[in-house]
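Novice: Build me a model from this:
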Amino acid sequence: MKNILLIGTSMIDQIFTTNEIHPQQCNKGKLVTGHGGSIHNVAVNLGYLDLNPIFVTKLGNDVLAQEIHDNLSLTGVEIHPVYIQKPTPIFQSIQATNTYFFLSTISSDFLFNENDDCDYSLFRDSYVVTDQKDEKFLFNCMINSPSSNWILSGHMPHTSLLAYTTGIVLNEDEFIPEKVDFTTGLQWIIITSQNGATCLTAEGKVFIPCNVVPTLNTLGAGDAFLAGILYGLLRNFDLTDCIGIAHRTASVILQSPLATNPDLQKLANLL
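Specialist: The predicted structure follows:
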């Protein structure tokens, strides 16, 4: 069985929810604090699903970074941190009915770039998953991990990277049809939407609808969806079944106050 190696950012999440936002007034609501970052969330959810992923991330130099590190380890994630001499970034989400605001203090220092060294022995025989966009960083990693299957999240990569990319998972807004080219070696693209997900391959496209569930929070649902895809791939399920699992993992987060949820442990016993 392949491993899962994830490369991405980690930060503190602060999620404020209220029924309605009133400008120039003190809005009352509920504030929940946790740990986040898109690929961080994928790592934690995979830990809850008992898959023990490897996570390469950049951490700050404060007590919050140590808190993130310790929590990842307790969740079953094997963490390989790169420490940055800066405070841990903070992501803030303000959510009301049909209104969303997102703020972040993250800087480019916490993103991976061509000057970052990687331990390529970690990549061996793995699904390598990242949302990082630096083309030179990705190319260097890809050519040094020939036994890995690369899955990119949240963006359409440059065409020069498609020959090394197995799959792409993104939403409707991130999808660029003109960049699709299955003659390069790219095998599939999964596009998420509010009503379900579309799987594109060289053979065509298939839409797999999702069930409607009560929504408490949308933050992290896409990350849980990606975790579900990876869960299915590790068990050699076909893509349609992987998407069915992904809909179920995403629905757990949609009904949660935070972007990750230990209730996925219960779901793992049913999959």
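
Novice: from the middle of its chain, how far away would the host helix or strand of residue 45 be?
Specialist: Here residue 45 sits within helix 38-48, counting by DSSP states H and E. Put simply, helix 38-48 sits 7 Å off its chain's centre (CA atoms, centre = their mean, to the nearest Å).

Novice: now do stretch 9-20
Specialist: Taking mean C-alpha positions (CA atoms, centre = their mean), stretch 9-20 and its chain are 16 Å apart.

Novice: Please list all residues in contact with residue 250.
Specialist: 210, 221, 222, 224, 225, 228 (CB atoms under 8 Å, 6 or more residues apart in numbering). (Each C-beta comes from the backbone N, C-alpha and C, glycine too.)

Novice: and of these, the nearest to residue 45?
Specialist: The closest of the contacts of residue 250 to residue 45 turns out to be residue 224 (CB to CB; 5.3 Å).

Novice: top of the contacts of residue 250 by neighbour count?
Specialist: Neighbour counts for the contacts of residue 250 peak at residue 224, which has 31 neighbours (criterion: other CB atoms under 10 Å).

Novice: where's residue 24 relative to residue 144, distance?
Specialist: 54 Å (CB to CB, to the nearest Å).

Novice: can you give me phi and psi for residue 190?
Specialist: Here is the backbone geometry of residue 190 (degrees, to the nearest 10): phi -120, psi 120.

Novice: Quick check: closest non-adjacent residue to it.
Specialist: Spatial nearest neighbour of residue 190, excluding adjacent residues (CB to CB, 6 or more residues apart in numbering): residue 169 at 4.8 Å.

Novice: hang on, that neighbour in a strand?
Specialist: Yes. Residue 169 sits within a strand when classified using DSSP: H, G, I helix; E, B strand; the rest coil.

Novice: Surely it is in contact with residue 151?
Specialist: Yes. Applying CB atoms under 8 Å, one finds residue 169 in contact with residue 151, separated by 6.6 Å.

Novice: Which one of these two is surrounded by more residues?
Specialist: Higher neighbour count among residue 169 and residue 151: residue 169, with 26 against 23, using other CB under 10 Å.
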